[in-house]
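1. Just to be clear, the model below is a prediction. Sequence and coordinates:
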Amino acid sequence: MEKSLLKMLKFQETTYDDYIAYLWKMSDEFQGYLSTTNQKLLFSMTFKVQTIPETTKPVPPVFNAGQFNKDAVAKLLGKVNVLITKPEKRKIQPMTAVTTQMKSTKKQLKQSKEKSDVKQTLSLSCSVTIILTKVRKYSVPDVENACHVSLEKPDRLWVSDLRGYLVQADLRGNLLLKINTKNGTIGYHTVTQNGGLIYSDIEKKVIYRITPDKKITELIKTGEWTPLTVHSTRINGDILVGMKTYKEAKVTRYIKAGKEIQNIQRDKKGQELYSDPHYITENFNGDICTSDYNKRAVVVANKSGQHRFSYKGQGSEFLPWGICTDVLGHILVCDKDNKSVHLLDQDGGFLSIILSALQGIKDPRGVCVDDENNLYVGQFDTNTVTVYKYLQ
């Protein structure tokens, strides 16, 4: 019925369109006779205009409401009966304590307690068991080492090496795309929410976007600032850029379209937060976590740009490199000096060294975590990326 009505109305629409076109034609012809040379001829002529074409008035369907009552509805759908019975008493069993296999010193536990007393921030790390298991290992083509790793899909990743080559490969070792950026060992690329890639060019001082269909377009020009490291946030897709000039450094936030909306540069006392931000990421609570080479620290600011803490390792030597966070808010950072990976809670409390030479890692430089708690680790001495399961 609906199709027949639409067909009738469409036919009538065409009829009226044709008639309107006919009237416009007649109008143009009449305007021509209004000229000075044709005025005498106009009075001796008779214009015949076609009548408006007839159309059929459609007959709309009529809705007839059905008859029903409560019993009929209850029979069709069922009903809820409230039982008149005395409720039983139940006993609440106390919760059992959850243990962790991570070892912490008395000093670290005291520091964590003091920090939780000052700031009511929930740390999820206390109830998590860390058991490191190697899942797989594979080689990345056309790179000498794996200084930075960005995971695009469960079966694809981007890896960059010391020479500045940026490659896209699948887990079977097939090369999909290769770009010569000349950037070196910094975290200068990041996968976006829609599956594309953003990377910086430190020579041209430009940030480029690679769409999923492999088109490269210019996204942001940073002027006099050299864009060292970039990160596309999971929360809203904003772009965080760590950059510097010859005398100062900062972290700038852009929206996805490339408009600048925030600059983070100094703490409340006016002191410079950054000196050489070469890796950057965002935690699940909005904290901006940056590995700063010259300050030899992980510098963490909240989403408003206020400095929260700086982590400087557990000994006299600590040089942060690749950095990432997981779904529980842990911060994972490579230590270039000690050739290891540190695991921190979201407040900067040290939890464990989860990767070192004991696990067969020689020189970890790049890390990232997927949605299934798999840790991808790139190393400086080889072009292989090793995957570990560490959250149970």
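-> On my side now, so go ahead.
2. Indicate each strand paired with the host helix or strand of Val149 and its parallel or antiparallel sense.
-> When elements are assigned from DSSP states H and E, Val149 belongs to strand 148-153. Partners of strand 148-153 in the sheet, by DSSP bridges, are strand 156-160 (antiparallel).
3. Would you mind listing the buried residues in the partner strand?
-> Using 16 or more other C-beta atoms under 10 Å as the test for burial, strand 156-160 gives Arg156, Leu157, Trp158, Val159, Ser160. Any C-beta I mention is one placed from the backbone N, CA and C, and that applies to glycine too.
4. helices and strands of the protein: which one has the lowest mean pLDDT?
-> Every helix and strand in the chain was compared by mean pLDDT, DSSP states H and E; the lowest is helix 106-118, with a mean of 42.
5. Quick check: mean pLDDT of the helix ranked longest in the chain?
-> As assigned by DSSP state H, the longest helix anywhere in the chain is helix 2-33. For helix 2-33, mean pLDDT rounds to 76.
6. Show me what it is packed up against.
-> With contacts defined as 3 or more C-beta pairs under 8 Å, 6 or more residues apart in numbering; DSSP states H and E, helix 2-33 has these neighbours: helix 39-43.
7. any idea how the protein splits into domains?
-> Domains of the chain are assigned by automatic domain parsing as 2-59, 106-391.
8. To Ala74, which of these lies closest?
-> Closest to Ala74 of those is domain 2-59 (C-beta to C-beta; 33.6 Å).
9. what sits against Ile239?
-> Shown in contact with Ile239 (C-beta atoms under 8 Å, 6 or more residues apart in numbering): 190, 198, 207, 219-220, 230-233, 253-256, 258.
10. Can you list the low-confidence ranges for the stretch 251-392 of the chain?
-> Scanning the stretch 251-392 of the chain for pLDDT under 70 picks out no residues.
11. List the neighbouring strands of the lengthiest strand in the chain plus their orientation.
-> For the chain, the strand with the greatest residue count under DSSP state E is strand 130-139. Strand 130-139 has the following strand partners under DSSP bridges: strand 384-391 (antiparallel).
12. Buried ones in the partner strand, by neighbour count?
-> If you call a residue buried by 16+ other C-beta under 10 Å, then strand 384-391 has these buried ones: Val385, Thr386, Val387, Tyr388, Tyr390, Leu391.
13. Please identify which helix or strand holds the closest residue to the fourth one other than its chain neighbours.
-> For Tyr388, the nearest residue in space outside its immediate sequence neighbours is Leu375; the separation is 4.6 Å by C-beta to C-beta, 6 or more residues apart in numbering. Taking DSSP H and E as the criterion, the element that holds Leu375 is strand 374-379.
14. Now do the contacts for Lys221.
-> Taking C-beta under 8 Å, 6+ apart as the test, what Lys221 contacts is Lys205, Val206, Ile207.
15. residue contacts, the first one?
-> So that's Lys205. Going by C-beta under 8 Å, 6+ apart, Lys205 touches Lys221, Thr222, Gly223, Glu224, Trp225, Thr226, Pro227.
16. phi, psi of the last one?
-> Just to be clear, that refers to Pro227. phi -80, psi 110 (degrees, to the nearest 10).
17. Any idea how many residues pack against it?
-> By the criterion of other C-beta atoms under 10 Å, Pro227 has 24 neighbours.
18. Equivalent analysis for the fourth one, please.
-> The burial metric for Glu224, expressed as a neighbour count using other C-beta under 10 Å, is 8.
19. got the CA coordinates for the strand holding Leu375 in PDB?
-> In PDB, the C-alpha atoms belonging to strand 374-379 read as follows (Å, rounded to 0.1, in the frame of the first residue of the first chain):
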ATOM      1  CA  ASN A 374      50.000  -7.400  26.400                       C
ATOM      2  CA  LEU A 375      53.200  -5.400  26.800                       C
ATOM      3  CA  TYR A 376      55.100  -4.700  23.500                       C
ATOM      4  CA  VAL A 377      58.800  -4.000  24.100                       C
ATOM      5  CA  GLY A 378      61.200  -2.800  21.400                       C
ATOM      6  CA  GLN A 379      65.000  -3.000  22.000                       C
END
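20. Who are the packing partners of it?
-> If contacts are counted by 3+ C-beta pairs under 8 Å, 6+ apart, strand 374-379 sits against strand 148-153, strand 364-369, strand 384-391.
21. isn't Phe309 right up against Gly348?
-> Yes: under the criterion of C-beta atoms under 8 Å, Phe309 makes contact with Gly348 at 4.2 Å.
22. Buried residues, stretch 370-384. List them.
-> For stretch 370-384, a neighbour-count test (16+ other C-beta under 10 Å) marks Asn374, Leu375, Tyr376, Val377, Gly378, Gln379, Phe380, Thr382, Asn383 as buried.
23. now those as JSON lines including distance to Ser304?
-> Formatted as JSON lines, these follow (distance: C-beta to C-beta, whole Å):
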{"residue": "Asn374", "distance to Ser304": "32"}
{"residue": "Leu375", "distance to Ser304": "29"}
{"residue": "Tyr376", "distance to Ser304": "30"}
{"residue": "Val377", "distance to Ser304": "32"}
{"residue": "Gly378", "distance to Ser304": "32"}
{"residue": "Gln379", "distance to Ser304": "36"}
{"residue": "Phe380", "distance to Ser304": "35"}
{"residue": "Thr382", "distance to Ser304": "40"}
{"residue": "Asn383", "distance to Ser304": "40"}
